[in-house]
Each structure stands twice: as structure tokens, then as C-alpha cells.
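*Asks:* predicted model and sequence below, questions to follow.
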Amino acid sequence: MKANDSSGEAAVFELKGGVLTVMVLYIKEADPDLLYPQLKKKIGPARSFFNNAPLLVDLKEVAEEEQRRLDFLVLTTFLRGLGLVPVGVRAAADAVAQRVLDAGLGVLPPAKLEKTMAVPGKELVEEQVIEATPDPPAAESPSEQPVQEQRPPTKVITQPVRSGQQVVAQDGDLIILSSVNAGAEVVAGGNIHVYGALRGRAMAGVHGNAEARVFCLQCNPELVAVADAYVVNDSLETRVLNRCVMITRGKRGLEFEVLGSFDPHRG
């Protein structure tokens, strides 16, 4: 058999870095008697939404001694049983890194740049670079100049978001000047406005912004979420279906305020 000489062959693959949207599971307690029941209770009702979704496990808040209590093969199997696809572990202690690899997961370092956002009941972490304002020269007035934080840009989409498509506004608001079809997904760090029918999935305040809102002219989503609270279609009240709605994060979950009705066929 003649050996292949690849020096003159055209490349059939490329390796490139990229930025992807992926869900992160922040584990705070490694006790399996607490962890697994809560995961099942939280993720189980929305299994159809999470099905085949890649997942990164973050252990930054778990001490090394507690990390040793985790059986990563059991954790991986359990998450896959809920329909998720765990792909790696972030901030794992050196003592458990080999066990993470043995479970078929990648090992990632802790996030380098973080901003902690206060959210009722917990802390969420958002990776973000913050640029400081230079100090004024000493010869000028000692009065401090107010620091103005730049508002993240708003993303505007003019076409329908079709099944299988995902639109992400990583930090700012997302405005859809059309409909979000079933099987489509819209995600925003801020608010989401849908000036049409919302039939797919909409997730606002994904970095933990509990003040975010979702507005839509016709409400009938597969799933809608604000920060850490979500509702699937089967749980929606009849009174909100196909109505103009504002969705907010309340103390006990999502709250739906009907603003009116919209009929696109009426002039």
C-alpha cells in the first residue's frame, strides 16, 4: 500500500476559536442528597426545552474538599438523563481534574473577568470587562466627575425568527419587529420585545437581571423565562394566550400582565 503524502492535499478541516452561547450550571452544594433532587425538580418540568442542550458545570463556589464528594460520572449520567449534554467542568480543583476527564468531560479554568450582580436570594456572575474613567488632573477642581456607565447596545431584528434559528443580544435589549416561530429561540441580557407572535422560546435577563421584561403582541410561547424563572406552554393560563402581554419576574415566579389584544388581520 502506498503511503499517503498529505503535503499537496487540500485541507479538509480547520480549528478555530469561537464564542458560543451555553448554559452554565453553578453548583453551590455538592451533597448528592440535596443536589440531584433539586436538579430534577427544576429541570424536569422543562425537559423538552433543555433536551440536547450543551451544559457547562461551574464549581467556583464549591470548596476543594466538597468537590471530592462529587462523583462526576454519576453527575454526568444524571444530567444526560434529564436531556442535557454536559461538555465540561469549570474551576475544578487539581485534585479532581483527572476524575473529571475520566467522566468524559473537559476541564476549563475559572472565568477571569467577572462582575457580580445582586439578585434577590442569590448572586449571579456575568463575565464582562469594565473600563475605568481616568482621574482628573490634580490642578483641576477636586470635585469628582460622575461616572456614566454606557448602556449595552440594543439589537433589532426586522425579519421573522424561524424554526431552528437563535438570536442573542448578549448584554442589551432585543427587539424583534416580526414574529418568533415555534422552534426558534431569542435570548437577551436585557428586555425582549416581540412586535408579532411569540411562539418559540424567549429568555430575558439571562445573566440574572430579575428586572428584565418580555413584551409580545401575541403570547403563545413554547417557553418564556426571566432570569431564573420560567414557564412552559402547558402551564400558561388561558387568559394570556394570543394576547398582548408583559411578563415580569415576581416573588413567586413569572407574572403575566395582559395589556390588550392584537389582531394582525384587522385594518
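*Replies:* Looks like it came in fine.
*Asks:* can you list the domains in this protein?
*Replies:* The domain map for the chain lists 23-112, 155-261, with the assignment taken from automatic domain parsing.
*Asks:* comparing those domains, which yields the minimum mean pLDDT?
*Replies:* Across the domains of the chain, the stretch with the lowest average pLDDT is domain 23-112; it has a mean of 87.
*Asks:* now do that domain: distance to the chain's middle.
*Replies:* The chain centroid and the centroid of domain 23-112 are separated by 16 Å under CA atoms, centre = their mean, to the nearest Å.
*Asks:* for stretch 155-173, same thing?
*Replies:* How far stretch 155-173 lies from its chain's middle: 14 Å, per CA atoms, centre = their mean.
*Asks:* got the buried residues for stretch 29-36?
*Replies:* Of the residues in stretch 29-36, 30, 35 count as buried by neighbour count, 16 or more other CB atoms under 10 Å. Where C-beta positions appear, they are placed from N, C-alpha and C, glycine not excepted.
*Asks:* Leu15: which of the domains of the chain is closest?
*Replies:* domain 23-112 (15.0 Å; CB to CB).
*Asks:* as CSV, the domains of the chain with distance to Glu9 would be great.
*Replies:* Shown next, in CSV, are the domains of the chain (distance: least, CB to CB, whole Å):
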stretch, distance to Glu9
domain 23-112, 30
domain 155-261, 34
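*Asks:* comparing those domains, which comes out most buried?
*Replies:* domain 155-261 (a mean of 19; mean count of other CB atoms under 10 Å).
*Asks:* hang on, isn't Leu213 packed against Val194?
*Replies:* I think there's a mix-up here, since residue 213 is Arg and not Leu. No: under the criterion of CB atoms under 8 Å, Arg213 is not in contact with Val194, lying 11.5 Å apart.
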